[in-house]
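1. Here is the input, now give the coordinates:
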Amino acid sequence: MYMKIGLFFGSTTCYTEMAGEKIRDNINMLVGYPCVTLHNIAFNQTDSMSKYDFMIFGIPTWDYGELQEDWEKHWEDIDSIHLQGKTIALYGLGDQIGYPDWFQDAMGYLWHKVRKLGAHTIGAWPNKDYVFNDSKALNEDKTFFVGLALDDENQSHACDENIAKWCEQILKEYYSLKQ
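-> Modelled structure (predicted):
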């Protein structure tokens, strides 16, 4: 099965973009051909999302649980995109030590939005190796994040390994959906 994946990110300080590039490179290596196309939502229209069946969204959480500015600018536009039946994996960046009460909140907001619009989400990530008080990005039983949680500020040593594992995970989950 030949696949095309659109990776859409917003990145003020370029850490979310750098994580997206690592995700792209890992997936392209695992699949064996270049299938991931990066889209910085600051420069690309959100309507290009509709041409992909499989997407990855990258969003950092700012300050006290706020959306990153590029995502915020397009937040209402997303409501008009046909996401019914699309598969979406999310990754987020946050600071669990500096903002322990809002860790990865923006990823949670985005997850709820795409689910409400009918997208199927994959890529839940265990929260056991993080230290934080609360997050809007936790699943119902609070044992998993709704996507890959990255903290380049406090856990930079784990980011590359977690990205590699998560890329394998989401490809397996996507392939199992398509069988």
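
2. mind listing the helices in this structure by residue range?
-> Listed from the start of the chain, the chain has helices (DSSP state H) covering 15-31, 69-74, 105-116, 156-178.

3. between the lengthiest strand in the chain and helix 15-31, how big is the angle?
-> When the chain is parsed with DSSP state E, its longest strand is strand 54-62. Using axes from the mean of the first three to the mean of the last three CA atoms, to 10 degrees, the interaxial angle of strand 54-62 with respect to helix 15-31 works out to 150 degrees.

4. quick check: angle from strand 54-62 to helix 105-116?
-> When the same axes, to 10 degrees is applied, the directions of strand 54-62 and helix 105-116 differ by 140 degrees.

5. Against which helices or strands is strand 54-62 packed?
-> When contacts are defined as 3 or more CB pairs under 8 Å, 6 or more residues apart in numbering; DSSP states H and E, strand 54-62 packs onto strand 5-9, helix 15-31, strand 87-93, helix 105-116. Where you see a C-beta, it was placed from the backbone N, CA and C, and this is true even at glycine.

6. Parallel or antiparallel, which strands does the shortest one pair with?
-> Pointing back at strand 5-9 there. According to DSSP bridges, strand 5-9 forms sheet pairs with strand 36-40 (parallel), strand 54-62 (parallel).

7. can those strands go into TSV with extra columns for mean pLDDT?
-> As requested, the strands paired with strand 5-9 are arranged in TSV below (pLDDT from 0 to 100):
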stretch	mean pLDDT
strand 36-40	96
strand 54-62	97
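
8. Residue 7: which of the ones you listed is closest?
-> Comparison of these against residue 7 by CB to CB identifies strand 54-62 as nearest, at 4.4 Å.

9. that older thread, quick one: closest of the helices and strands packed on strand 54-62 to residue 78.
-> For residue 78, the closest of the helices and strands packed on strand 54-62 is helix 105-116, at 6.2 Å, according to CB to CB.

10. Out of the helices and strands packed on strand 54-62, which gets nearest to residue 160?
-> Each of the helices and strands packed on strand 54-62 was checked against residue 160 via CB to CB, and the shortest separation belongs to helix 15-31, namely 6.7 Å.
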